[in-house]
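> fold the following for me, if possible:
(4 chains)
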There are 2 protein chains.
Amino acid sequence: MKYVTIKDIAKELNVAVSTVSRAFNDKYDIKPETRERILKKASEMGYRPNPIARKLVQQRSYNIGIIIPEFENSFFPQVIMGAQEILYQHNYQVLIMQSNESIDLEIRNAKTLVDNMVDGLIISLSGVGNNLPYYEELTEKKMPLVFFNRVPENIEASKVVFDDYKWAFFATEHLIHQGFKDILFISGADDLILSKNRRRGYDDAHKKHRIPTGKKINCGFSMKDGVQIAENLISQNNIPKAVLAANDACAIGMIRVFKDSGFKIPEDIAIVGFSETKMAAHISPTLTSVEQPTYEMGKAAAQLLLEQLQNKGIHIPQTIVLNGRLNVRESSVVLS
Amino acid sequence: MKYVTIKDIAKELNVAVSTVSRAFNDKYDIKPETRERILKKASEMGYRPNPIARKLVQQRSYNIGIIIPEFENSFFPQVIMGAQEILYQHNYQVLIMQSNESIDLEIRNAKTLVDNMVDGLIISLSGVGNNLPYYEELTEKKMPLVFFNRVPENIEASKVVFDDYKWAFFATEHLIHQGFKDILFISGADDLILSKNRRRGYDDAHKKHRIPTGKKINCGFSMKDGVQIAENLISQNNIPKAVLAANDACAIGMIRVFKDSGFKIPEDIAIVGFSETKMAAHISPTLTSVEQPTYEMGKAAAQLLLEQLQNKGIHIPQTIVLNGRLNVRESSVVLS
DNA sequence: AAAGTTACCGGAAACGTTTCTGAAAACGTT
DNA sequence: AACGTTTTCAGAAACGTTTCCGGTAACTTT
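Modelled structure (predicted):
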């Protein structure tokens, strides 16, 4: 590829490169006529400024990096759309990288983005481990950082989270109200705050209603995980009365296995999902699920980042907690 | 952010910057000992090479841009995963941008990526329009380009496509075999080759079995589109016996509307989807759908791009056609 | 021991910008 | 007409690399 540069224009018009540069950055002194002349010639020649060169001298890129664990579930894509909407409005470009649920890849992604001089980073963790020291380092170096959804516990950075405690509590209580006693709790890796909060919600709902809690299992957030767990339960002949699943994908995986094995849902086993996907309303039985404001989450994260970008230096980490909703459907309601 | 540079290392060790550079690019002459010395010091100081500076001088970035129309359906994310796998192996980074089904945004995305000196571009079109001249321009300027899935017709570039003709034909024939006559055809915008091919397949299947074709409708690829169409059909009281939908999202949207309105599927209306998603097997009724090798598509696109990157200059555009499979499920089979 | 090779490294230019410094030109003031 | 101000621009340094060119020192060869 051959690019037209500022020098080409300068030569063509017998002006200095600095003058051409000024024409494009109207904050400097330049006669309106020469400015017009340059802009006209530039567009004739098909000139486009080279952001790489600009980054190098300005030491900033107008790029924001977003790192997500996966994009098989529509959750993260939706968050990204929300963030993009806000960031585009402020002339930031968005670079997306996905870590495939691997902490190592996550760090590599973060480093590549930092090396490429992104002005800030929006991150959802693939897990908790040796990535945290690196993020500590970044905050010390004043790199603007916002975590969302899967956030670390002890890092001083802005965060956008969902009120997992509250809605795990409500979802559990809903199952209890429906008369279910032996409720299996499934959540993501134990070191995610998200999992801890849900677990507390689950526990407290049981406490409130003075019934003993059921079994607890950690797993990932994919359909495969749900399938795996359901198969294990069946082979151990240890079937709970109800399940609070890690997310919809997990729930749907379980539903399929149980249905295939002849269990009736919700009569034999009730199921509640999390992070409602579009599918919840379409599968059979329709799935009760906790709905999360994905789009809003992206917007909020972007806004927190913009704040940091604007007040360079002084920055008080904030945590925004978003509310949700429990959509009750067939998978958890026994008509009697 | 303060970065450690090659100069800092040079000063620290009393060597020239060129020597430090050589230490990192082992193709040059450098004494193994000094090389070790430099590498050791560099890692002590936490040096990381600045890709921006490197891009500027090398006029290449080791970045590949991928542009997709949307990522609500899992189709595109899966393709990306496939492409990433190959590209990572060859030390390329992947930058993902999504056009939100807008041609204008698509061009803006392409331009941003080109400005950022990506070495190549993998693209799936949001539509056909004034984006094509720009892609023509890019091919003339020797920018390596690979289109996939939604590809342009008259551009000399490598392409990876699905055998839409064949599988639209088979899917239609399947419906005919099941005894359905009045088959509605739904596909994406008419200017996509993909739509034309499917339409031909649909037409030819009818020709083969000597029955007249049904109505044809163009729409987008989202669930909303399916909902919209189904509602229209119902309000016009013009219900076909079967539907070949643009994709699973569209099919699922229709299924919901029809079910809510009291229609029985497949008895009252049979439905076949396209680009099978994970959901096909989980909704009720389970959805007959044409399965596409998404992951393979990404890999193939990446490989075609790598070829271009390697044989700089001479490059014969290739088109890879991938095969698929029809997964027959409840939504199209009437048990009698 | 002189000449020719080779191994290693320093210096500097280059990539395409921005931005600082200072100078010329135009203008206004007395 | 001399001076001060303002406007407009040219020149050059800088950002962090790579890479070309040339030079010195060491080693081979005769």
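> for residue A:237, grab the count of nearby residues.
Neighbour count of residue A:237, defined by other Cβ atoms under 10 Å in any protein chain shown: 6. Yep, even glycine has a C-beta here, placed from its N, CA and C like the rest.
> repeat for the one 3 residues further on
For residue A:240, the tally of surrounding residues (other Cβ under 10 Å) stands at 18.
> residue of the stretch 201-336 of chain A closest to chain B, please.
Taking Cβ to the nearest Cβ, chain B has its nearest neighbour within the stretch 201-336 of chain A at residue A:284, 2.7 Å off.
> how many other residues sit next to that residue?
16.
> check the one 3 residues further on too.
Here the count is done by other Cβ under 10 Å, and residue A:287 has 27 residues near it.
> try residue A:295
By the criterion of other Cβ under 10 Å, residue A:295 has 15 neighbours.
> now do residue A:329
18.
> which residues are in contact with the residue nearest to it when sequence neighbours are not counted?
Using Cβ to Cβ, 6 or more residues apart in numbering or on different chains and skipping the chain neighbours, the partner closest in space to residue A:329 is residue A:286 (3.9 Å). For residue A:286, the contact set (Cβ atoms under 8 Å, 6 or more residues apart in numbering or on different chains) comprises A:280, A:329, A:330, A:331.
> Throw those into TSV and include distance to residue B:237, pLDDT and secondary structure, thanks.
TSV is the format used below for the contacts of residue A:286 (distance: Cβ to Cβ, whole Å; pLDDT from 0 to 100; DSSP: H, G, I helix; E, B strand; the rest coil):
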residue	distance to residue B:237	pLDDT	secondary structure
A:280	31	90	helix
A:329	30	96	coil
A:330	29	95	helix
A:331	34	96	helix
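> what is the nearest of those residues to DNA strand D?
DNA strand D has its nearest neighbour among the contacts of residue A:286 in residue A:280, at 48.7 Å by Cβ to the nearest atom of the strand.
> check which helices and strands the worst-scoring helix or strand of chain A on mean pLDDT is in contact with.
Here the helix or strand of chain A ranked lowest by mean pLDDT, DSSP states H and E is strand A:93-98, holding a mean of 89. Under the contact criterion of 3 or more Cβ pairs under 8 Å, 6 or more residues apart in numbering or on different chains; DSSP states H and E, strand A:93-98 touches strand A:63-68, helix A:75-89, helix A:103-115, strand B:93-98.
> recalculate using a threshold of 6 Å.
strand A:63-68 (3 or more Cβ pairs under 6 Å, 6 or more residues apart in numbering or on different chains; DSSP states H and E).
> can you read off the pLDDT for the closest residue to DNA strand C within the stretch 51-200 of chain A?
The nearest approach of the stretch 51-200 of chain A to DNA strand C comes at residue A:53, 3.3 Å away (Cβ to the nearest atom of the strand). As predicted, residue A:53 sits at a pLDDT of 95.
> what is the neighbour count of it?
Residue A:53, neighbours per other Cβ under 10 Å, totals 16.
> ok, which residues in the stretch 1-150 of chain A are in contact with DNA strand C?
A:3, A:5-7, A:17-18, A:21-22, A:24-25, A:28, A:47-50, A:53-54, A:56-58 (Cβ under 7 Å from any atom of the strand).
> next to chain B, which bits of chain A? Give me the list.
Within chain A, the positions adjacent to chain B are A:1, A:48, A:51-53, A:55-56, A:71-72, A:74, A:77, A:93, A:95-96, A:112, A:115-117, A:141, A:143, A:252, A:256, A:279, A:282-284 by Cβ under 6 Å from any Cβ of the partner chain.
> just read off the phi/psi values of the residue nearest to residue A:329.
When read as degrees, to the nearest 10, the backbone of residue A:286 gives phi -60, psi 150.
> on that earlier part again, which of the contacts of residue A:286 sits closest to residue B:266?
residue A:330 (21.4 Å; Cβ to Cβ).
> point out where chain A drops to low pLDDT.
A:312-313, A:336 (pLDDT under 70).
> can you spell out the domain ranges of it, please?
A:6-49, A:61-162+A:294-322, A:164-292+A:326-332 (automatic domain parsing).
> let me have those in TSV, extended by distance to residue B:220.
Converted to TSV, the domains of chain A look like this (distance: least, Cβ to Cβ, whole Å):
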stretch	distance to residue B:220
domain A:6-49	31
domain A:61-162+A:294-322	16
domain A:164-292+A:326-332	15
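> what's the closest of these to DNA strand D?
Closest among the domains of chain A, using Cβ to the nearest atom of the strand: domain A:6-49, at 3.0 Å.
> close to DNA strand D: what parts of the stretch 1-150 of chain A are there?
Neighbours of DNA strand D within the stretch 1-150 of chain A, by Cβ under 7 Å from any atom of the strand: A:14-19, A:22, A:29-32, A:34-35, A:53, A:56-57, A:59.
> give me the subset of these lying in strands.
Judged by DSSP state E, those include no members of strands.
> burial measure for residue A:156, as a count.
12.
> in a strand, it, correct?
No - counting by DSSP: H, G, I helix; E, B strand; the rest coil, one finds residue A:156 to be coil, located in no strand.
> now it. Nearest residue, chain neighbours left out?
Using Cβ to Cβ, 6+ apart, the closest residue to residue A:156 is residue A:317 (5.2 Å).
> can you name the residues that contact the one you found?
A:156, A:157, A:158 (Cβ atoms under 6 Å, 6 or more residues apart in numbering or on different chains).
> and the second one, how many neighbours?
Using other Cβ under 10 Å, residue A:157 is surrounded by 23 other residues.
> contacts only, for it.
Residues in contact with residue A:157, defined by Cβ under 6 Å, 6+ apart, are A:139, A:145, A:147, A:317.
> the residue nearest to residue A:318 when sequence neighbours are not counted and residue B:287: what is the separation?
Nearest non-adjacent residue to residue A:318, counting by Cβ to Cβ, 6+ apart: residue A:158, 5.0 Å away. Using Cβ to Cβ, to the nearest Å, residue A:158 is found at 42 Å from residue B:287.
> repeat for residue A:213
Distance, residue A:213 to residue B:287, by Cβ to Cβ: 38 Å.
> same thing with residue A:207?
Distance of residue A:207 to residue B:287, given as Cβ to Cβ: 43 Å.
> ditto for residue A:122
Counting by Cβ to Cβ, the gap from residue A:122 to residue B:287 is 35 Å.
> got it, and residue A:222?
For residue A:222, the distance to residue B:287 equals 20 Å [Cβ to Cβ].
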